[in-house]
Structures are given as structure tokens and as C-alpha cells.
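In: what's the 3D shape of this:
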Amino acid sequence: YKMKYIILFALVVAFIGNALASDELVIGENIITVRAHLDDSLENFNIYLSMPQNYFVGLGFGSSMKDANIVVIDATEESFNGVPVIHDAHSSEHGKPVDNEESVFKLLDSTSDGDLLTVALQRPVVVQRDGRDETIPFDEEIKMIYAFKEGKYGYHGKDSRGFFTLNVSSETGDVTFNNNPVGTKYNKIKEAMK
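Out: Numbers count the residues shown, from 1 in each chain. Model prediction:
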């Protein structure tokens, strides 16, 4: 009797998990969208981001800022001259990530209509530097963090951060986002993902 409920629960969880999977990540109450896929060679990871100008958006590989590899797209008034500043950074603790000496991210395209900025970035799948393996794994759930804020690049605040997961297909190069956040309760999500 209990086994039937356990099986039913597992099926419902699997169904909901698949229903939440998407090829697009939407954050910040629909103001920021992220898509990604591998290039045809399956050697480069492409990120496509749509965001308001005068914002910064950070995407990090890991389940917290501690020991996370982070890319920050900075289109704040302080740095924006028609092209966003791309920070390829690492965060060893909670606090503003430190830019790496050498960036592995290449800005492929950046267009603006005055309010909305669309950015295309690329980085190699395989990256090893400073004693860290930053290689993006295929065919497994990758825990990710995000943060964003309007205005000067710095602390994002507690309501402008969260988690998501993604999966990169080794066969097609497609990237699927899971647990699409709309708003966030950072600490509750963090506990649930442990």
C-alpha cells in the first residue's frame, strides 16, 4: 500500500521535473532571459542573454558563491558605452567576485534598442586554470547560481539572487534549464538543493 504511494509520488515528481525543464531560463520576474547551447564542434559553450540596460547579471557554476566560477555581464551606467563589460571571475568567499587575470569568455554580439540589451557570449567547454577544473560536464545536472541588480556592479541584495540547474546534452549540444526561478527564496532553495 505504501509502495503504491511512493511510486505515485516518484512519478509525479518526475513529471513535474520534466514539465519545469525549459530551453530558456527566466529570472527577475521576466526581465532577464538566458538561453545556451554548444556550438557545432561541441567544444564551445554559447550563452545568449536578454537584459535591461543599467543592470548587471551574474551566472555562476556552483551551488553557492563560495568557490564559484562566475561570469558577470555588466551594462551599468558606470561601465556601459554601448558594449557591456564582461567579468570572467571567481569567488572564493561570499563577496564581490575577483576577475581572473585572463578571460575565457568572448563577446560574440551585443545589441541594444536603448532599453533592452541582447548579448551573446562564448567560452570553451574545457577550462583548467589556477588549479581549478572549470570544465562544463555533459549529461548531468549542473548546479548554478544567478544574481542581478540595477545600477552599480556590486552587492546584488538578498532578493536578486537564486539557483537553477542545467543539463548539457553531449549528443545535440542543447542546454536544458530546470527549476526555472521566478523570484526566489534563496535560503529555502539552497537548503532544498543540498
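In: quick one: the helices in the chain?
Out: Assigned by DSSP state H, the chain shows helices spanning 2-20, 186-193.
In: give me the mean pLDDT for the longest one.
Out: This points to helix 2-20. For helix 2-20, mean pLDDT is 44.
In: and stretch 115-130, by the same measure?
Out: The model assigns stretch 115-130 a mean pLDDT of 93.
In: can I get that stretch as PDB, trimmed to CA atoms?
Out: Output of stretch 115-130 as PDB, limited to C-alpha atoms (Å, rounded to 0.1, in the frame of the first residue of the first chain):
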ATOM      1  CA  ASP A 115      16.200  49.800 -23.100                       C
ATOM      2  CA  LEU A 116      16.900  46.200 -23.700                       C
ATOM      3  CA  LEU A 117      20.400  44.700 -24.200                       C
ATOM      4  CA  THR A 118      20.900  41.300 -26.000                       C
ATOM      5  CA  VAL A 119      24.300  39.700 -25.500                       C
ATOM      6  CA  ALA A 120      25.900  36.600 -27.000                       C
ATOM      7  CA  LEU A 121      29.000  35.100 -25.200                       C
ATOM      8  CA  GLN A 122      31.200  32.100 -25.800                       C
ATOM      9  CA  ARG A 123      33.600  30.200 -23.600                       C
ATOM     10  CA  PRO A 124      35.400  26.900 -24.200                       C
ATOM     11  CA  VAL A 125      33.800  23.800 -22.600                       C
ATOM     12  CA  VAL A 126      37.200  22.700 -21.200                       C
ATOM     13  CA  VAL A 127      38.900  25.200 -19.000                       C
ATOM     14  CA  GLN A 128      41.600  24.500 -16.500                       C
ATOM     15  CA  ARG A 129      43.400  27.300 -14.700                       C
ATOM     16  CA  ASP A 130      44.800  28.400 -11.300                       C
END
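In: buried ones in it?
Out: Residues 117, 119, 121, 122, 123, 125, 127 are the ones in stretch 115-130 that count as buried (16 or more other Cβ atoms under 10 Å). Every C-beta, even on glycine, is put in place using the N, C-alpha and C of the backbone.
In: over to stretch 97-108?
Out: Buried residues in stretch 97-108, counting neighbours by 16+ other Cβ under 10 Å, are found at 97, 100, 104, 105.
In: I'm done for today, thanks for sticking with me.
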